[in-house]
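S.K.: Fold the following, please.
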Amino acid sequence: MPSPSKVSEEPNRSFNKMILIGDREWVKGMIYRLHAVGIAEATTWSRLISTGNPGEVISTLLRPRGRS
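M.R.: Residues are numbered from 1 along each chain as shown. Have a look, this model is predicted:
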């Protein structure tokens with residue numbers, strides 16, 4: 001996954017974005033399920049970040065467009 005600084009250095013490059021928001025265990029489970037079916041490597045997701053809502057986290061994934 002490109003780092004935020006790499007993304008900002010490539011202003012003309014488009015990225016696909018995946019965002020998971022929900023309960024910590026659900027988000028972690030979905031990341032592992034997406035990995036298991038070959039959609040996204042588990043290690044390419046951002047760390048879990050609190051949304052400010054009780055019990056809710058967010059994790060994001062960025063990939064350059066054109067990749068499968």
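S.K.: wait, doesn't D23 sit right on E56?
M.R.: Yes - shown here, D23 and E56 form a contact pair, counting by CB atoms under 8 Å, at 6.8 Å. To be clear about C-beta, it is placed using only N, CA and C from the backbone, and glycine gets the same treatment.
S.K.: Please identify the helix or strand for R33.
M.R.: Here R33 sits within helix 24-36, counting by DSSP states H and E.
S.K.: Pull the distance from that helix to the chain's centre.
M.R.: 11 Å (CA atoms, centre = their mean, to the nearest Å).
S.K.: follow-up on the earlier one: what about D23 and E56, which has more around it?
M.R.: Ranked by neighbour count (other CB atoms under 10 Å), D23 and E56 place E56 first, with 15 against 11.
S.K.: What's the per-residue pLDDT of the more buried one here?
M.R.: We note a pLDDT of 98 for E56 in this prediction.
S.K.: so it makes contact with S50?
M.R.: Yes - using CB under 8 Å, E56 is in contact with S50, at 7.2 Å.
S.K.: Just list whatever residues bridge to N16.
M.R.: R63 (DSSP bridges).
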